[in-house]
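Trainee: Following is a predicted model, sequence given first.
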Amino acid sequence: QVQLVESGGGLVQAGGSLRLSCVVSGRTSIYAMGWFRQTPGKEREFVAYITWGGGDLWYGDSAKGRFTIARDLAKNTGYLQMNRLKPEDSAVYYCAAGSVQSPPKAHEYAYWGQGTQVTVSA
């Protein structure tokens with residue numbers, strides 16, 4: 001089993017930055033980690049993806065140029081650095097893990113964290 005715990009969310013002004021963390025415990029040799037976000041009434045939106053061993057990256061359109069995904073193997077932790085935040089980035093952010101064929105597809109991830117709220121004020 002894999003457990004994921006996110007942290008780092010909070011309230012920030014537009015233009016500011018936040019770094020989200022996702023600690024992996026249990027079976028830590030995950031294949032890849034993805035970050036998604038969700039607002040009420042909407043489906044989870046793909047944000048970013050990284051393979052745990054090779055560091056291959058994939059970003060959703062909303063993240064390109066502003067967000068950076070990374071991982072620290074020694075700490076079993078994934079990160080999502082978010083810069084130049086906008087009010088429309090406000091959402092609950094989730095990390096997910098698993099062996100996936102198509103990174104943007106949420107249903108392919110086997111494990112999910114509980115989510116962390118990010119609120120960006122105008």
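Mentor: Arrived safely. Numbers count the residues shown, from 1 in each chain.
Trainee: going forward, measure contacts between C-alpha atoms and count neighbours the same way
Mentor: Fine.
Trainee: Pretty sure L20 sits against L80.
Mentor: Yes - counting by Cα atoms under 8 Å, L80 is a contact partner of L20 at 5.0 Å.
Trainee: Leaving out chain neighbours, which residue sits closest to the residue positioned nearest the centre of the chain?
Mentor: Nearest to the mean C-alpha position of the chain, by Cα atoms, centre = their mean, lies W35 at 2.4 Å. Take W35 and drop its neighbours on the chain: the residue closest to it by Cα to Cα, 6 or more residues apart in numbering is C95, 4.5 Å away.
Trainee: show me the contacts for the one you found.
Mentor: C95 is in contact with 4, 6, 22, 33-36, 112-113, 115, counting by Cα atoms under 8 Å, 6 or more residues apart in numbering.
Trainee: related to what we said a few turns ago, figure out the helix or strand that the residue nearest to the centre of the chain lives in.
Mentor: Assigning secondary structure by DSSP states H and E places W35 in strand 32-38.
Trainee: before we move on, what about V23?
Mentor: Judged by DSSP H and E, V23 forms part of strand 18-26.
Trainee: Mind giving me the packing neighbours of that strand?
Mentor: Other helices and strands packing on strand 18-26, by 3 or more Cα pairs under 8 Å, 6 or more residues apart in numbering; DSSP states H and E, are strand 2-7, strand 77-82.
Trainee: Show me what it pairs with in its sheet, parallel or antiparallel.
Mentor: strand 2-7 (antiparallel), strand 77-82 (antiparallel) (DSSP bridges).
Trainee: Extract the C-alpha set from the helix or strand that the last one is followed by and format it as CSV.
Mentor: Proceeding N to C from strand 77-82, the next assigned helix or strand is strand 91-98, under DSSP H and E. Provided in CSV are the C-alpha atoms of strand 91-98 (Å, rounded to 0.1, in the frame of the first residue of the first chain):
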residue,chain,number,x,y,z
ALA,A,91,-8.7,24.7,-5.7
VAL,A,92,-8.0,21.7,-3.6
TYR,A,93,-4.8,20.2,-4.9
TYR,A,94,-4.2,16.4,-4.7
CYS,A,95,-1.2,14.3,-5.3
ALA,A,96,-1.6,10.9,-6.8
ALA,A,97,0.6,7.9,-7.4
GLY,A,98,0.7,4.9,-9.6
